[in-house]
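Peer 1: sequence and predicted structure below; questions after.
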Amino acid sequence: MSPRTKGKGASSFGIGTTSVLTETVARVLLLPTVVAAVAILVKGYAQPGDGFAAGVVASLGVMLQHLALGRREAERLAVVRHAPILAGAGLVLSLLVATVPLLLGDPVLTHYPRPGGHVIYLGTLELITPVLFDVGIFLLVFGSVVGTMNAFARTISEEQEYAGPGDSGLEYEE
Amino acid sequence: MTTLLVLPAGIAWIVAAVLAPMDGRKPVWSWIAAAGLAASFVASVLLVFETLEGGPVETVAGGWPEGVGITLRADVLGASFAAVSLAVLLAAFVHEVLVGVRSRTFPALVLFLAAGLSGLFLTRDIFNFYVFFEISMTSAYILTGYREKDPQVRAAFIFAVVNLLGSVVFLFGIAAIYHVTGSLDMEVVAERIARVKPASILPIATSFFVAFSLKLGLFPFHFWLPAVYVGSHPSVAAILSGALANIGSYGFLRFGAGLMPKELGFGALVLLVLGVASIVYGALQAISRHATNEVMAYSAIGQVGYILVALAIGGPVGYAAAVVYAIVNALNKALVFLASGIRGPLAGAAFAVGAFSIAGVPPAAGFVGKVALFQTSIDAEGTFRSAALLVLIFVGSALSFLYSFQVYQRGFLAREGGDNRRPSPRAARTLTVALAVLVLALGLWPEPLLVLGEESANLLLEPPNRGLAEGGAP
């Protein structure tokens, strides 16, 4: 299979250009990936899933954009541009949820409302502080994975620009 | 005092998260980071006193019942390792700040490393241990590349590749131990392993041994160590050998002596042979090298051999000697690597204290470690083995004296008058001298060290807590 087919987009990772089909599918798949990630995040309290897995799934969606559409297209998403901030905010949020109970005299990571307390439901999701913790983990994982991808993509595209137009900068077996 | 238990890792972690987006090259952020590290260190020292007086401190995260939630625990062994590692980190970090931080991420990375290290020394859950282990390793991979010149990047690459392999081996061991015992809580695991036939635990014990040996750089697993310690920046080398390598010695003590004492007994002969091989190999290689940090890198291989020998002999005396030696070794290594990075008056004196402490010359702290080892060897089973070990430790010390003297002569005596390079900032030199004074003080007043060693050994020899056995079916 030749990677040099007819589409316009250039992949972030220097795999030549991609076909129109790949580009369209990549665009269409972004939203479902995010929905799946959110589902994994909120289902984690009764079924397999948690913030970590959700973060990985969501960043796979962004990875697809990078691969199919290239860095410039992928970075049109604000969350992709600001990935490091998301990661930092997520870490701080999780740490706060973990340590605030200490100030209230409870063990670290205690969740509120305590068992038996009054809980607000949003559908089947219980609004308890561990949800915030998991959202923090989600942001941390998503932010750091996407940030790492951006860093790689930027390095590769700088190399390509250096090599001049029409040259991918890297050699591939045809 | 369960809040105190969370503080060493917690303070470092929060300060690290806050500092991560800041430009660490600006002195204000560096000093905030130093204050955070110092607070963590103070908390860990308080924890050492707390555990010495009142025994282990425990808390279950989330207020869950025991056996359900993740348990954090500080005992004498963990708290002293946390305190020593944080002390080394603090010294190395302040040293770097005084010399001049050149990377915006340096302060945050050191704090993440501090959070990871203090977390793993203060947990009772094996998987939690692994998570904190990875936090500290990941920060260490990036730290090794600090200054980003070719040697550092090469060192970081080697370090990351080899230690990721080690982490995988360790993770396999954890999965296997969960498979066999059905728990990851250290006390439950210890209690259940005691009832399982050693044959099924030996492969697991071996995988843990390999993982921690890689971390420490013991003889057959040392291949990465010289390249990394020589290539990295002096204060990073001090962090790697004085703080991060403590994971290895702590792992041997906690997992070997604490969780799998029977299996440790079966492997005693192998441990002895590897330890002896490490001592001899490290010393001979160190003598044949020229550059200061190369000599010290090989010397690090030799020094950890002594810890392994003490562990192999075991018993209250052996474990105590292993703890004492590990602590002293961490301080020695931090001191020599920091001193090798500075120039000017008193740098040579500080280095000499570290080098002769490694050789075990009184009154430096290394002498206390060597005496503990002599006692251990005398305690070893069989007259022949005792005699052989005594001779070995004597020869090893003589060899380390030789290379320490060579290095001192080449690095600091010979250059007298001929060295026109600019001396390092006075504050950096003062800090290194202060560390040297600490090493001397611990040699002159070894009581605290010996108490820590003895209490840790008692803790490791205690039978596992039977009351927890009902926590769940194995």
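Peer 2: Now that the structure is in, tell me what you want to look at.
Peer 1: spatially nearest residue to B:L122 (excluding sequence neighbours)?
Peer 2: Among residues not flanking B:L122 along the chain, B:A74 sits closest, at 4.9 Å (Cβ to Cβ, 6 or more residues apart in numbering or on different chains). Placement of C-beta: from N, CA and C, glycine included.
Peer 1: what is the burial count for residue 59?
Peer 2: As the question left the chain open, I've gone with chain A. For A:S59, the tally of surrounding residues (other Cβ atoms under 10 Å in any protein chain shown) stands at 23.
Peer 1: you looked at the wrong chain, it should be chain B
Peer 2: Neighbour count of B:T59, defined by other Cβ under 10 Å: 24.
Peer 1: so what's it bridging to?
Peer 2: For B:T59, the beta-bridge partners under DSSP bridges are B:L72.
Peer 1: now it: how far from B:T123?
Peer 2: 11 Å (Cβ to Cβ, to the nearest Å).
Peer 1: need the overlap of contacts for these two.
Peer 2: Shared contacts of B:T59 and B:T123, defined by Cβ atoms under 8 Å, 6 or more residues apart in numbering or on different chains, are found at B:71-73.
Peer 1: which of the residues you listed sits closest to chain A?
Peer 2: Distance from chain A was checked for each of the shared contacts of B:T59 and B:T123 by Cβ to the nearest Cβ. The minimum falls on B:L72, at 7.4 Å.
Peer 1: for the closest one, which residues are in contact?
Peer 2: Residues touching B:L72, when contacts are defined by Cβ under 8 Å, 6+ apart, comprise A:108, B:5-6, B:58-61, B:122-125, B:128.
Peer 1: number of residues surrounding the closest residue in space to A:I120 that isn't next to it in sequence?
Peer 2: The shortest distance from A:I120 to any residue that is not its chain neighbour, by Cβ to Cβ, 6+ apart, is 4.6 Å, and that residue is A:L127. Residues contacting A:L127 under the criterion other Cβ under 10 Å number 11.
Peer 1: low-confidence ranges in chain B?
Peer 2: Where chain B drops to pLDDT under 70, the residues are B:1, B:414-421, B:463-474.
Peer 1: same question but for chain A, I mixed them up
Peer 2: Under the criterion of pLDDT under 70, the regions of chain A flagged as low confidence span A:1-17, A:160-174.
Peer 1: how about the strands in chain A?
Peer 2: For chain A, the strands identified by DSSP state E occupy A:121-122, A:125-126, in order along the chain.
Peer 1: which one of those lies closest to chain B?
Peer 2: Chain B lies closest to strand A:125-126 among the strands of chain A, at 15.1 Å (Cβ to the nearest Cβ).
Peer 1: what pairs with the closest one, parallel or antiparallel?
Peer 2: Sheet pairing here is set by DSSP bridges, and for strand A:125-126 it gives strand A:121-122 (antiparallel).
Peer 1: and the partner strand, how far from the chain's centre?
Peer 2: A distance of 25 Å separates the C-alpha centroid of strand A:121-122 from that of its chain, computed with Cα atoms, centre = their mean, to the nearest Å.
Peer 1: show me the contact partners of it.
Peer 2: Judged by Cβ under 8 Å, 6+ apart, the contacts made with strand A:121-122 from elsewhere in the structure are A:L127.
Peer 1: one more: stretch B:230-239?
Peer 2: With contacts defined as Cβ under 8 Å, 6+ apart, stretch B:230-239 is touched by B:88-89, B:91-93, B:95-96, B:99, B:110, B:113, B:140, B:143-144, B:146-147, B:151-152, B:154-156, B:158, B:229, B:240, B:291, B:293-294, B:297, B:333-334, B:337-338, B:340-341.
Peer 1: what does chain A put close to chain B?
Peer 2: A:84-85, A:88, A:91-92, A:95, A:98-99, A:101-102, A:106-111, A:114 (Cβ under 8 Å from any Cβ of the partner chain).
Peer 1: contact partners for the closest residue in space to A:P113 that isn't next to it in sequence?
Peer 2: In space, A:P113 comes closest to A:V119 once its chain neighbours are excluded; the distance is 5.7 Å by Cβ to Cβ, 6+ apart. Neighbouring residues of A:V119 by Cβ under 8 Å, 6+ apart: A:113, A:126-128.
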